[in-house]
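[1] need a structure here:
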Amino acid sequence: MSTASVSHTTAPTVTTPAIKFSTVKADGIDIRCLEAGSGKPLVYLHGSSGLRLSATHRALASNHRLIALELPGFGKTAAKTAHGTARGIAATMAAALHAMGVEGCDLMGHSLGANVALWLAIDHPTLARSLILVAPTAIRPEDSGIGGARPFVVTAHKPEHLWIDESSATSNPSMRELSQKLSGPPRDAELEKAMAGIAIPVLALFGTRCMVVSTDAAREYNRGIPKCFTTMVYDAGHEIDLDRPDAVTSVVGNFLEHGETFIVNRDSAMINP
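    Down below sits the predicted model:
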C-alpha cells in the first residue's frame, strides 16, 4: 500500500466566491441548486443529509464552477414516480445539467449522491469527464445503518465550517426513509456489472472511521472500475469532507488538476493526519 500524508487537520483558509441560489426545470420539476465560483464545472450531488456545502466544496469553488444540485425528494425539490431509484434520479440530474448548458463536467457525489453519480456516468458517458465518489454506499455491509435499525454516527468529529440548508437537512421527516429506499440493496448486481463500462478516471474516498461503508469496499471498486484510484482518509467518518476538509480538498484538487496522470497505480493510499 502506498501512503501519503498531510500536516494539518483544520479547514482550508481560502477566500471563496459567494454562494448563489437558483432553480432549474428538468423533467417537469424545479430543482434547487447552489453555485459558486467560475471555470470548469464541478457538479456535486449530496447524500442523505441534504443540500449542503462544506469547507471542501467552498475551497474547490476557488478554481471551479461548483454546482450543487438538490436531489428530487429532498428539501424543497419535488420527486416523481420515476425517482424511486438512484438511476431514475440520475436521469433527471442529467436533464438538469443539460438545461443549465453543462455538456461536460467533473462529477462529485457523496454517499447516496455517489450512487446517483455512478448511474449518471454509466447512462450518460459523454457528460462526465471524471468521477469522484466520497463514501459511496453502492457496496456496503448487510448490517450498515442504511436500511436497518442500527443507529450510526456520520462524523468522527464535531463538524465545523459548514454551510447547510436547514429546510433540506433537518425539517424533512421522511428523509431517512427516502434515503433507505434510494440506496437499494447492499449489493446491486446490475450496477456492479455496469461499472465495468465506466471509462473515465474515478477517485473513491473512504473514511477509516466510517460506520456506514466498510473500507473493504475499496477493493470492489478497484476491481469493478477500470480507472479507479481509492484513498483511505484517516480519522474520518462517513461525512469525510466534514471531518477532514484539508485532506479531501488536497486529494480531490490534485485529482481534478491532473486527471488520468493522477492515477499512478491502482493500489490504495492512506491520507494520514
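[2] how about the strands in this protein?
    2-5, 20-26, 29-36, 41-45, 52-53, 65-69, 105-110, 128-134, 163-164, 202-207, 228-233, 269-272 (DSSP state E).
[3] packing partners for the fifth one?
    Other helices and strands packing on strand 52-53, by 3 or more C-beta pairs under 8 Å, 6 or more residues apart in numbering; DSSP states H and E, are strand 163-164. (Glycine included, C-beta is placed from N, CA and C.)
[4] So for Glu192, which of the strands of the chain sits nearest?
    strand 228-233 (12.5 Å; C-beta to C-beta).
[5] show me what contacts the nearest residue to Gly197 once chain neighbours are set aside?
    Distance criterion C-beta to C-beta, 6 or more residues apart in numbering; nearest residue to Gly197, sequence neighbours excluded, is Ile122 at 6.4 Å. By C-beta atoms under 8 Å, 6 or more residues apart in numbering, Ile122 lies in contact with Leu191, Ala194, Met195, Gly197, Ile198.
[6] what's the neighbour count on Leu60?
    28 (other C-beta atoms under 10 Å).
[7] cool, and Glu192?
    Neighbour tally, Glu192, other C-beta under 10 Å: 17.
[8] Find me the pLDDT at the closest residue to it other than its chain neighbours, would you?
    In this structure, Glu192 finds its nearest non-sequential neighbour in Gly224, 5.6 Å apart by C-beta to C-beta, 6+ apart. pLDDT for Gly224: 95.
[9] ok, Gly224 touching Leu191?
    No - the pair Gly224 / Leu191 is not scored as a contact, 9.2 Å apart, by C-beta atoms under 8 Å.
[10] how about low-confidence regions in the stretch 1-150 of the chain?
    Low-confidence segments of the stretch 1-150 of the chain, defined by pLDDT under 70: 1-16, 143-150.
[11] Mind doing that once more with 50?
    Filtered on pLDDT under 50, the stretch 1-150 of the chain yields the residue ranges 1-14, 147-150.
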